[in-house]
Every structure is written in structure tokens, then in C-alpha cells.
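**Student:** Structure of the sequence below:
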Amino acid sequence: MTGRPILTLNKGTPQIVGNKSGDNYAFPNLITVDPVTADEIWENNGVLNINGGAPSVDQNYAGQRTNFNPVALPSASGTDSLAMGGGASATGNTSIATGRDSLSLSNQSSAFGGSSLARFRATALGNNASAEGQRSLGAGFLANAASNDGMAFGNESFAENIGEISYATGNFGDPGDVKYSTYICRGATNNANALIINPDGGTINRMILLPETFWGFEIDLIAFQKTTPFDARKVKLEGAIRRDASSNTTLVGTVTTTTTKETAGATTWSEAITANNTDNALQIGVTGESGHMINWVAVVRIVGTRDI
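**Tutor:** Residues are numbered from 1 along each chain as shown. Next comes the predicted model:
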């Protein structure tokens, strides 16, 4: 037999085809071989030849010598990486790619499932799932976590904004045209100036509506003074917001406050929900009190749809 042996079998013990290169392991489609008759597995121009034995993929073909053409072999080129499945590629250091044509393209990223894709320390779980935002998680068929720190769960779910947790079980025609999403916004004040609180706690990344989008929202907002006398405030707000095909973003009707709980020292603190027509975003503004260190935290729940 021509070519080169890539695995010599020990009689009496079932074997699995594998490839080891340094500290990186790459496994092609698994092939079990009858150890009673097979002696070696040879590779010749990309074709696996089983010497004296028989491969078993869907069923056994005992007593035959067979040439087997697998899909492209996996590649684990990153340090301490792992790739399993035909065409799988783990290029980042300590990255993992499992499933046919899965891609793990950055350090510490993980892709599990056929044609899954992960970058930037992100994790993709499920066939065709993708996690391309930094530290993101996409789980489910065609789930897409496109934003930093975003999470998309369920069939064809889509998380487009930073820190968004999005859930879906399908769509009207395109991924992301149906969603239920949650955000956690935060900020801190020590004066009586208005502050916009955002999902990343900063001043730039906002809850942005894509063109032709409508959201209904509920917001649970709390405020807590970190020092004596530890004053506190909690409100619940409800409303709706839409964006047209261009950059016209407006509230639909008025935002209502359904509950308010507060201590006597927090009665001057306030909040305002607005539509940011420049950034096309839902915006939460808060105002505290001079000389009082106050933490503000808001949980925003959105049910949304859009025309794609």
C-alpha cells in the first residue's frame, strides 16, 4: 500500500482515527475500525486507506478493504487549541471548535456545532450559531450575538446592542424581526446634574433601534445612596418607542410611572425616559442630589419587532 501510515492498530482494542500535533489535537470525522483484521491506517493524497480492515461510518462492511474520502480535516493551529469535525478550525490560542466547519477564530473563543462561529473570547453553541461580539454568547440555531457582552438565545435570535440579552423562537422572515430583550443599565451621580445611564455604564453605547423598529418597554429603576442615611428610590415605568425607515425616533404616547417607592430623603430624585433622535436610542435620564453618592440601576425589558 502506498502513502504513509498515520495510525497502527493494536489487535483486540477498538480504535478511533486521530491526529496529534504538539499540544494541539485535531480529530477528523470519527472512523471505527475492526481491530481483528485491520493493521494500519494509511494516508495517500488525502485518502484514508484501511489496511486489511473495514471502516464503519453508518454501518459495518466486514471483510472489505475500503478507500474512504473524508471532508477536509480539522485544523487546530492555535496554542493549546482543539478542533473536532471535518473542516473545523481553531486558530486562536486556547480556542475550541467542534462540529463540521465550525470556526473559533480568536484567543479563548469556543464554537460548538456545525458551521458555528466564535471570536473575541466569545462562545457559540448550536448549528450556524455565531458569537462575534467581545465576550458574547450565541446559543441556538442561527442565534447571532453580534454585540459586545451580548447574548442571543433561541432559534434565529439576534442581539445587536452592547449588553443585550435577546430571546426568540423564530421570526416572520428574517433573524431579529421578533425579539424579547433585557438590558441592565447603570450609572452613578454625586450632584444634581442629569445623567444618561447605559448598558455598559458609560456614555456612548446606548439601546439603539434599527430602522423600521417598534419596541414596547418596561423599566424597573432603583437608586441608592451609598452613605448615611442610605436613602433609596424605586420606580417602574412603561412605554413604547419606534423608529421609521430613516432616523426619526419618537416615543409612542406618554411614559407612565406605575409604582414609586422611596424614602423621605429621595423625594427630590427624578428620572426621565426620552427618545434620542440623534442616536436613534431609548434613553434613561436620572437626576440625583448634590453631595450625595447615588448608584442608579435599571432593568429594561423590551418586546420588539421590525421590518428587515
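**Student:** so the most centrally placed residue in the chain bridges to which residues?
**Tutor:** By C-alpha atoms, centre = their mean, the chain has its centre lying nearest to residue 137, at 2.2 Å. The partner list for residue 137 in beta bridges (DSSP bridges) reads residue 123, residue 151.
**Student:** residues in contact with it?
**Tutor:** Residue 137 makes contact with 122, 123, 124, 125, 131, 145, 150, 151, 152, according to C-beta atoms under 8 Å, 6 or more residues apart in numbering. All C-beta spots, glycine's among them, are computed from the backbone N, C-alpha and C.
**Student:** Report the rounded mean pLDDT for the one helix or strand residue 83 maps to.
**Tutor:** Residue 83 belongs to strand 82-84 when assigned by DSSP states H and E. Averaged across strand 82-84, the pLDDT comes to 93.
**Student:** In the stretch 151-300 of the chain, mark out all the strands, start to finish.
**Tutor:** Counting by DSSP state E, counting those that start in this stretch, the stretch 151-300 of the chain has strands at residues 151-153, 158-159, 165-167, 178-189, 194-197, 207-208, 213-225, 232-243, 249-251, 256-262, 270-276, 281-287, 294-306.
**Student:** And those strands: which comes nearest residue 86?
**Tutor:** Minimum separation from residue 86 across the strands of the stretch 151-300 of the chain (C-beta to C-beta) falls at strand 151-153, 26.0 Å.
**Student:** now for that closest one, which elements pack on it?
**Tutor:** Counting contacts by 3 or more C-beta pairs under 8 Å, 6 or more residues apart in numbering; DSSP states H and E, strand 151-153 packs against strand 137-139, strand 144-145, strand 158-159, strand 165-167.
**Student:** please redo it, this time with the cut-off set to 10 Å
**Tutor:** strand 123-125, strand 130-131, strand 137-139, strand 144-145, strand 158-159, strand 165-167, strand 178-189 (3 or more C-beta pairs under 10 Å, 6 or more residues apart in numbering; DSSP states H and E).
**Student:** Nearest to residue 239 among the contacts of residue 137?
**Tutor:** The closest of the contacts of residue 137, once distances to residue 239 are taken by C-beta to C-beta, is residue 150, at 23.0 Å.
**Student:** Can you tell me the strand partners of the helix or strand following the strand holding residue 83 and which way each runs?
**Tutor:** Under the assignment DSSP H and E, the closest C-terminal helix or strand after strand 82-84 is strand 89-90. The strands beside strand 89-90 in its sheet (DSSP bridges) come out as strand 75-76 (parallel), strand 103-104 (parallel).
**Student:** would you turn these into CSV with distance to residue 118?
**Tutor:** Shown next, in CSV, are the strands paired with strand 89-90 (distance: least, C-beta to C-beta, whole Å):
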stretch, distance to residue 118
strand 75-76, 14
strand 103-104, 5
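**Student:** list the contacts for the nearest residue to residue 191 once chain neighbours are set aside?
**Tutor:** Nearest in space to residue 191, with sequence neighbours left out and distances taken as C-beta to C-beta, 6 or more residues apart in numbering, is residue 290 at 5.0 Å. Applying C-beta atoms under 10 Å, 6 or more residues apart in numbering, we find residue 290 in contact with 189, 190, 191, 192, 193.
**Student:** one step back: which of the strands paired with strand 89-90 sits most buried?
**Tutor:** strand 103-104 (a mean of 28; mean count of other C-beta atoms under 10 Å).
**Student:** Please state the offset of it from the chain centre?
**Tutor:** How far strand 103-104 lies from its chain's middle: 13 Å, per C-alpha atoms, centre = their mean, to the nearest Å.
**Student:** would you list the strands paired with strand 89-90 in CSV and tack on distance to residue 267 and mean pLDDT?
**Tutor:** Below are the strands paired with strand 89-90 laid out as CSV (distance: least, C-beta to C-beta, whole Å; pLDDT from 0 to 100):
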stretch, distance to residue 267, mean pLDDT
strand 75-76, 61, 90
strand 103-104, 53, 94
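**Student:** Do you know the pLDDT at residue 230?
**Tutor:** 96.
**Student:** So the residue nearest to it when sequence neighbours are not counted versus residue 170, what's the distance?
**Tutor:** Distances taken as C-beta to C-beta, 6+ apart put residue 224 closest to residue 230, at 7.2 Å, once the chain neighbours are dropped. Taking C-beta to C-beta, to the nearest Å as the measure, residue 224 falls 40 Å from residue 170.
**Student:** Relative to residue 88, which of the helices and strands packed on strand 151-153 is closest?
**Tutor:** Judged by C-beta to C-beta, the one of the helices and strands packed on strand 151-153 that comes nearest to residue 88 is strand 123-125, at 12.4 Å.
**Student:** Against which helices or strands is that closest one packed?
**Tutor:** Strand 123-125 packs on strand 103-104, strand 110-112, strand 117-118, strand 130-131, strand 137-139, strand 144-145, strand 151-153, going by 3+ C-beta pairs under 10 Å, 6+ apart.
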